[in-house]
Every structure is written in structure tokens, then in C-alpha cells.
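> need a structure here:
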Amino acid sequence: MHIAIVGNIGAGKTTLTELLSKHYTWEAQYEAVDQNPYLEDFYQDMKRWAFNLQIYFLNSRFKQIVEIQRGTIDIVQDRTIYEDAYIFAANLHDMGLMSSRDYNNYLDVFESVKEFIRPPDLLIYLKASVPTLVNQIQRRGREYESGIRLDYLSKLNERYENWIDGYKEGKLLTINVDRINFADKPEDLGEIINRIDSELFSLFSAPKERKSKK
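Residues are numbered from 1 along each chain as shown. Predicted coordinates for the structure are as follows:
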């Protein structure tokens, strides 16, 4: 089983990944943030480092998905390879922060690796307004995120909405983060878990064995 959690910066992907991993006793796979050698430079000079950053994420995410597909354990994944191309790279190009030459080169690489991957069994979209994103970004206090522009977050939100509206790859669950606090309220987390169970383990779907990580 492979659940993937998607959403804008500050939406709560990492927190929900951790909580679901503990609940289901599945393995969590997180976005390579702290080990990313480009992220801090990118937030200081987006135009200079946009292509480098996106190639790093694409390679990191591809390695993750290959590992997931080869493995035999259940996974909760923080962010997907699709977001790199359909959201972040596209947005950087649209904002003039990635040249058309670099963007087209990036898309060629993405289309090549996409041939070798499968979509998750369930995609969970964390939908959040810009004020909610800003509040959560400030709460976690990552210094390199302090310079994120509001228009950048807003444009990312628009792209997420467009992508999710047209998502046809598999099962999709949307969680409105403005209205639910799964990090601090167990009852809200329980509501999400019930919705996930309904999607994946409903009596009306084919039975699937839950595998715990060793």
C-alpha cells in the first residue's frame, strides 16, 4: 500500500505523514529538506538556483518511488514526484524564475523518469489558504523559509487546485486544513483516518492486506 500526501509549503504534510505512519505502523518517507544542499540558496536567490533545486528534488523523489515500488512494505510518503513537475517547476518558469531552456530540459528528464513509476494507491491533498500556510510556516521557524514571498505561495496554491481538479491517476482525498487541526486534535486526526479507511478498506472495494513494517 502506498499513500502519498501532497500540498503547499506549510500545509502539514510532514506532520500528517508522521501521524499516519504511527497509526498504521507503516514506513514514513519524508521529503529531503534538511539534507538538501540547494534549498537555503534557493530562497535567497530563486532565479539563480531554481533549476538546480528542481533537479535535486526530481532525482531524490525518483529514488524514493523506485524504492517504494521494489519494496514489500506499506508506505506513507511526504510529497510526490508529480508536484515537482506540475507545481513547482511549472510555477518557477511561469514567474520567470526558471528559463525556458532549463524548464524544457527539466520536463524532458521528468517525462523520461515518469515512464518507470506508478501513482500512489491514495493521494491525500492538504488544501490550505495562504494565511494558514504563513501561520504554520512561522510556527515551525525554519530560517530559510522566512523569505518566502506571499505571491509565491499564492501561485503555488492556484497550481495545486488546477492539478487536483484534473487528477485522474487514482483515488483522491482532500483535507481542508483551514477547518481541521489534525496536529493538535486527536478527534480531527481520527476523522481523517476514518476517511482513509473508507477509501482503502471499504467493504465495497477489493480486500487488501495491511502490511506492517518489520
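> Quick one: neighbours of E191, just the number.
Neighbour count of E191, defined by other C-beta atoms under 10 Å: 14. Yep, even glycine has a C-beta here, placed from its N, CA and C like the rest.
> Excluding covalently adjacent residues, which one is nearest to it?
I180 (7.0 Å; C-beta to C-beta, 6 or more residues apart in numbering).
> Number of residues surrounding the one you found?
16.
> Provide a list of residues in contact with it.
Applying C-beta atoms under 8 Å, 6 or more residues apart in numbering to I180 gives the contacts D188, E191, I192.
> okay if I get the residues you listed as a markdown table plus secondary structure, pLDDT and distance to Y82?
Shown next, in a markdown table, are these (DSSP: H, G, I helix; E, B strand; the rest coil; pLDDT from 0 to 100; distance: C-beta to C-beta, whole Å):
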| residue | secondary structure | pLDDT | distance to Y82 |
| --- | --- | --- | --- |
| D188 | helix | 96 | 26 |
| E191 | helix | 96 | 26 |
| I192 | helix | 97 | 21 |
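> Let me know the closest of those residues to M98.
Nearest to M98, judged by C-beta to C-beta, of those is I192 at 34.4 Å.
> if we can go back for a sec, distance check, the residue nearest to E191 against E27.
Applying C-beta to C-beta, to the nearest Å, the value for I180 to E27 is 25 Å.
> Show me the residue sitting in the middle of this protein in space.
What sits nearest the mean C-alpha location of the chain, by C-alpha atoms, centre = their mean, is R79, with 2.1 Å.
> Check whether that one really touches I5, as I assumed.
Yes - using C-beta atoms under 8 Å, R79 is in contact with I5, at 7.1 Å.
> OK, contacts around the residue lying closest to the residue nearest to the centre of the chain once chain neighbours are set aside?
Closest residue in space to R79, ignoring its immediate chain neighbours: E31 at 4.7 Å, by C-beta to C-beta, 6+ apart. Residues near E31 by C-beta under 8 Å, 6+ apart: K13, T14, D78, R79.
> Now for those residues: which two are most distant?
T14 and R79, at 8.9 Å, using C-beta to C-beta across the contacts of E31.
> ok, which stretches of the chain are helices?
Listed in chain order, the helices of the chain (DSSP state H) span 13-24, 39-44, 46-70, 81-83, 90-94, 100-114, 130-140, 150-165, 186-201.
> for this structure, which spans come out with low pLDDT?
For the chain, the stretches flagged by pLDDT under 70 are 32-34, 203-214.
> Could you rerun that using 50?
In the predicted model, the chain carries pLDDT under 50 at residues 204-214.
> Tell me the spacing between R101 and F51.
According to C-beta to C-beta, R101 stands 9 Å off from F51.
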